[in-house]
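A.B. asks: With the input below, show me the fold.
(one chain, ligands or ions: 1)
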Amino acid sequence: MVSKDEAESAVRTLLDYLGEDTGREGLVDTPKRVIKSWDEIFAGYHQSSAEVLESTFNGEGYDGIVLLRDVEFHSTCEHHLQPFRGRAHVAYIPTERIVGISKLARIVELHSHRLQNQERITKNVADDLEEHLQPLGCAVIIEASHGCMQCRGVKKQNAIMTTSAMRGVFFDKAEARSELMQLIRTNPL
Ligand SMILES: [Zn+2]
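C.D. replies: Residues are numbered from 1 along each chain as shown. Model (predicted):
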């Protein structure tokens, strides 16, 4: 177990590595601020999907698509510790139980607030919906731009990466997939 003091001192070491004067006014509290921001950015390590999705409601026979689209998120790439950000579309078709709509956004947050790659967030959100809601189908589509590609390496500013996980009826049936795509593309209110 690494203490907060040790974590802050590790940040100070990195600033030293840059050749910076870690005692100057602008930097003296930077290690503290960095670790405080990490507590927020990486809060997902202290949350569990089971808890987020534990309270469900009777769906009262609703058997259409439930879609929460344009869920903005912010994550950190595990390879370079660079931010990546974008939006997620999360959908499922209930069998018996439905879940509060904010929980779908919370599941995206929980996974994005860890060291990640986009593929894993996409898969993990779909896995959670399958496991905890046993839906007829579920789908997760994520579009994101990646800091590690924008400010270093290949330096592409506008490239968007899209990933998708289609499960159950969204995997099996082209009609279900195309209805979902139509709903995602419908103009906002
Ligand atoms: Zn990266």
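
A.B. asks: if I pick the residue of the chain found nearest the ion, what's in contact with it?
C.D. replies: Of all residues in the chain, the one sitting closest to the ion is residue 148 (2.9 Å; C-beta to the ion). Yep, even glycine has a C-beta here, placed from its N, CA and C like the rest. By C-beta atoms under 8 Å, 6 or more residues apart in numbering, the contact set of residue 148 is 77, 79-80, 82, 84.

A.B. asks: out of those residues, which are buried?
C.D. replies: The neighbour count (16 or more other C-beta atoms under 10 Å) marks 77, 82, 84 as buried among the contacts of residue 148.

A.B. asks: hang on, the earlier thing: which of the contacts of residue 148 sit farthest apart?
C.D. replies: 79 and 84 (10.6 Å; C-beta to C-beta).

A.B. asks: what's the helix or strand harbouring residue 73 packed up against?
C.D. replies: Using DSSP states H and E, residue 73 sits within strand 66-77. With contacts taken as 3 or more C-beta pairs under 8 Å, 6 or more residues apart in numbering; DSSP states H and E, strand 66-77 sits against strand 83-93, helix 101-112, strand 115-116, helix 118-133, strand 137-146, helix 174-185.

A.B. asks: can you do 7 Å?
C.D. replies: Using 3 or more C-beta pairs under 7 Å, 6 or more residues apart in numbering; DSSP states H and E, the elements in contact with strand 66-77 are strand 83-93, helix 101-112, strand 115-116, helix 174-185.

A.B. asks: I'd like those as TSV, with distance to the ion and mean pLDDT appended.
C.D. replies: Converted to TSV, these look like this (distance: least, C-beta to the ion, whole Å; pLDDT from 0 to 100):
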stretch	distance to the ion	mean pLDDT
strand 83-93	7	98
helix 101-112	14	97
strand 115-116	10	98
helix 174-185	26	96
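
A.B. asks: Many thanks, we can stop here.
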